[in-house]
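In: got a sequence here, can you model it:
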Amino acid sequence: MLILLPPSETKTRPVRAEAAPLDLDAFGMPELTDSRRMMLRAAVRTAEARGGADKLGVPASSPELVARMAQVEQEPAAAPLSVYSGVLYDQLDPSRALPDDRRVLVQSALFGLVDAATDRIPAYRLSAASTVSRLGKAGSWWAPRLKPVAARLRTELAQSGSPLVVDSRSGSYRSMMSMRSGAGVRVLEVSPVQERGGVRKVISHDAKRYRGLVTRALVDVEGTPTTADEVVDVVRAAFGTGLQVELDGDRLVVVDQVS
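Out: This is a model prediction of the structure:
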């Protein structure tokens, strides 16, 4: 099983005394190393140039983030689940080892893809919508470079005992690397909705929390689900009576019923 997550805008900076600097050569998926170096150099140039804060999406209240991006290669790096923070990641326990048969990958505007179990990242500031020096929009630049990676991941999943992708990414990060059902692989898009009086509407901010809860249910369960129906059963069991879970085609719908 593959679980795809979006990154978070907010990040917890690793303690320098306890973490080694960023080392791209130690990352998984070495076919992305050259692209990662190119994006890293572009992000540094952007941070050093006039208007870097706007291009990187740094809020006026946190100008120190620009200076840190200018020296991101020297920034301390740590396990992704301890660096990414916010509503989604608050639902996950960074100290808990991920099961070997469930791979969690985080889409990243800086690194393309980050393996939550093995990679080590700094608290960077770059999003899919960021415009970086000489490369343009980060998300658009990554898309063709991630296409062959997606194909390889699909082939590996099709030959595994759990040919499933649970996709909790937001739209801009799905565009970076398209993953759809087919060729023996089922891709389930986590789609939280709110239901009031029989009428459903898409949830915006709280959607991140539900996606985090779905991820926690899937990594905590003892056995790996092998079908979409088993995914529904696992998530339903984890949620109890608090939330409703349905399968609508390739959508894993989490329904928050409010009065």
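In: quick one: the strands in the stretch 51-200 of the chain?
Out: For the stretch 51-200 of the chain, the strands defined by DSSP state E, counting those that start in this stretch cover 103-108, 112-115, 131-132, 136-137, 164-167, 186-196, 199-202.
In: in its sheet, what does the fifth one sit against?
Out: Right, the one you point to is strand 164-167. Paired neighbours of strand 164-167 in the sheet (DSSP bridges): strand 2-5 (parallel), strand 186-196 (parallel).
In: now the shortest one: buried residues?
Out: Right, strand 2-5. 2-5 (16 or more other C-beta atoms under 10 Å). Glycine gets a C-beta too; all of them are placed from N, C-alpha and C.
In: over to stretch 122-130?
Out: So, applying 16+ other C-beta under 10 Å, buried residues of stretch 122-130: 122-128, 130.
In: so how far is the first residue of that stretch from its last?
Out: 18 Å (C-alpha to C-alpha, to the nearest Å).
In: picking up where we left off before, just put the strands paired with strand 164-167 in TSV and tack on mean pLDDT and distance to Val72.
Out: Shown next, in TSV, are the strands paired with strand 164-167 (pLDDT from 0 to 100; distance: least, C-beta to C-beta, whole Å):
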stretch	mean pLDDT	distance to Val72
strand 2-5	98	21
strand 186-196	94	30
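In: output these as TSV; include the columns distance to Ala70.
Out: Shown next, in TSV, are the strands paired with strand 164-167 (distance: least, C-beta to C-beta, whole Å):
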stretch	distance to Ala70
strand 2-5	27
strand 186-196	35
